[in-house]
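Chemist: Need coordinates for the below:
(one chain, ligands or ions: 5)
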Amino acid sequence: MITMLYRICALLLIMGVAAPTIANDSPEQPVRYNHRFHTEDMGFGCLDCHQNAESHEKAMIPNIEMCGTCHIDEEAENSEVRKVAEYVASGTPIPWQEIHTVPDFVYFTHRRHVTLGKIECQVCHGEVSEMETPFISTAVNMDMEWCMECHEQREVTNDCVSCHR
Ligand code: HEC
Ligand code: HEC
Ligand code: HEC
Ligand code: HEC
Ligand code: HEC
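Modeler: Residues are numbered from 1 along each chain as shown. Ligands and ions are numbered 1, 2, ... in the order given. From the prediction side, this is the model:
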């Protein structure tokens with residue numbers, strides 16, 4: 001047991017040092033989406049676009065039909081808005097790069113944290129409503145230590161099998 005724990009620690013140390021270079025090295029997003037504008041200025045709430053966060057594992061990015069309720073003008077002055085309208089007109093989903101991910105061997109569900117845990121999005125994702133450009137990195141390093149630290153504070157189980165089923 002002791003040697004196993006040492007191995008895990010060593011593994012995590014290595015991964016901790018190596019992680020920033022592996023994980024999505026400065027990805028490009030297809031459209032310059034602006035969270036601040038749509039939330040602060042237009043008054044959308046996070047759940048208006050990511051409603052699955054309350055009820056499912058994945059929060060989901062809204063589809064182009066949703067964007068298309070406003071962005072249909074392919075001649076719009078703003079070239080970023082025009083891009084969205086073009087995706088809408090051709091029925092092509094916007095190929096957003098996924099930034100927040102946990103590996104397949106980790107069980108994480110939004111419902112548990114948002115609905116039952118009543119944890120604000122900001123705690124895990126930062127001040128999204130201030131962001132004027134799309135995500136290219138996460139606000140916090142979402143590693144095992146991060147999960148466990150909060151679980152410890154809130155007296156939630158840290159049994160290996162609760163996250164590694
Ligand atoms: C009008 C729709 C809309 C609203 C409102 C909105 N978002 Fe988003 N969200 C998007 C789109 C589009 C993307 C993909 C582009 C990007 O990364 O900015 C996204 C991406 C994200 C991502 C990153 C997804 C990934 O791939 O890792 C997070 C986290 C997120 N939003 C959280 C929030 C939070 C928190 C709020 C409330 C403060 C919010 N969003 C409000 C549309 C919306
Ligand atoms: C309720 C209407 C509405 C919806 C729904 C909506 N937007 Fe917007 N969006 C606006 C308005 C209004 C503007 C600013 C005026 C303009 O330039 O058209 C804007 C601006 C933008 C811009 C330009 C931002 C900038 O800083 O230049 C982008 C990109 C954009 N929206 C993407 C999206 C995407 C992607 C979706 C779907 C996830 C979406 N919008 C959904 C109304 C909306
Ligand atoms: C306890 C931390 C935590 C909270 C609270 C949280 N998230 Fe997340 N979020 C994560 C993690 C971890 C991932 C990566 C999960 C994965 O790979 O399935 C993620 C991924 C996402 C994604 C991209 C992938 C997906 O699930 O579709 C979006 C969008 C998102 N979160 C939005 C939100 C919104 C909106 C809220 C608030 C209503 C919220 N999150 C609350 C931790 C959190
Ligand atoms: C900011 C605090 C916080 C963070 C960060 C966090 N969690 Fe949690 N987690 C909670 C809370 C609170 C609960 C209990 C929610 C409830 O049911 O009331 C919970 C519950 C869980 C459960 C259910 C546990 C059980 O009882 O079986 C799992 C699984 C889980 N979290 C996985 C994760 C994973 C994986 C991560 C990291 C990717 C993570 N959590 C990050 C606060 C957090
Ligand atoms: C609260 C959730 C949570 C709990 C509890 C948890 N883990 Fe993890 N674990 C994660 C997350 C998230 C990752 C992926 C991110 C990382 O590597 O830090 C991970 C990664 C790992 C890895 C790296 C696997 C690889 O292939 O690189 C090992 C090994 C591991 N966990 C073992 C354990 C053991 C043993 C326990 C019990 C002592 C445990 N975990 C408890 C969330 C958890």
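
Chemist: What count of nearby residues applies to residue 140?
Modeler: 10 (other CB atoms under 10 Å). Heads up, the C-betas are built off the backbone N, CA and C, glycines and all.

Chemist: got any ranges where the chain has weak pLDDT?
Modeler: Residues of the chain meeting the criterion pLDDT under 70: 1-26.

Chemist: Now the phi/psi pair for the residue most central in space within it, please.
Modeler: Nearest to the mean C-alpha position of the chain, by CA atoms, centre = their mean, lies residue 100 at 4.0 Å. Torsion angles at residue 100 (phi, psi; degrees, to the nearest 10) stand at phi -90, psi 120.

Chemist: show me the contacts for it.
Modeler: With contact set as CB atoms under 8 Å, 6 or more residues apart in numbering, residue 100 has these partners: 125, 135, 138, 142.

Chemist: Turn the buried ones among those residues into a named PyMOL selection, would you?
Modeler: To isolate in PyMOL the members of the contacts of residue 100 that are buried, counting by 16 or more other CB atoms under 10 Å, one can use:
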select buried, resi 125+135+142
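
Chemist: and the two most separated of the contacts of residue 100?
Modeler: Across the contacts of residue 100, the longest distance by CB to CB is 12.6 Å; it joins 135 and 142.

Chemist: what sits against the residue lying closest to residue 91 once chain neighbours are set aside?
Modeler: In space, residue 91 comes closest to residue 64 once its chain neighbours are excluded; the distance is 7.4 Å by CB to CB, 6 or more residues apart in numbering. Residue 64 sits next to 84, 87-88, 91-94 when contact means CB under 8 Å, 6+ apart.

Chemist: ok, now with 7 Å
Modeler: Contact analysis of residue 64 by CB atoms under 7 Å, 6 or more residues apart in numbering lists 87-88, 93-94.

Chemist: May I ask which two of those are separated the most?
Modeler: 88 and 93 (10.2 Å).

Chemist: Give me the more crowded residue out of the two.
Modeler: Applying other CB under 10 Å to residue 88 and residue 93 shows that residue 88 carries more neighbours, namely 22 against 10.
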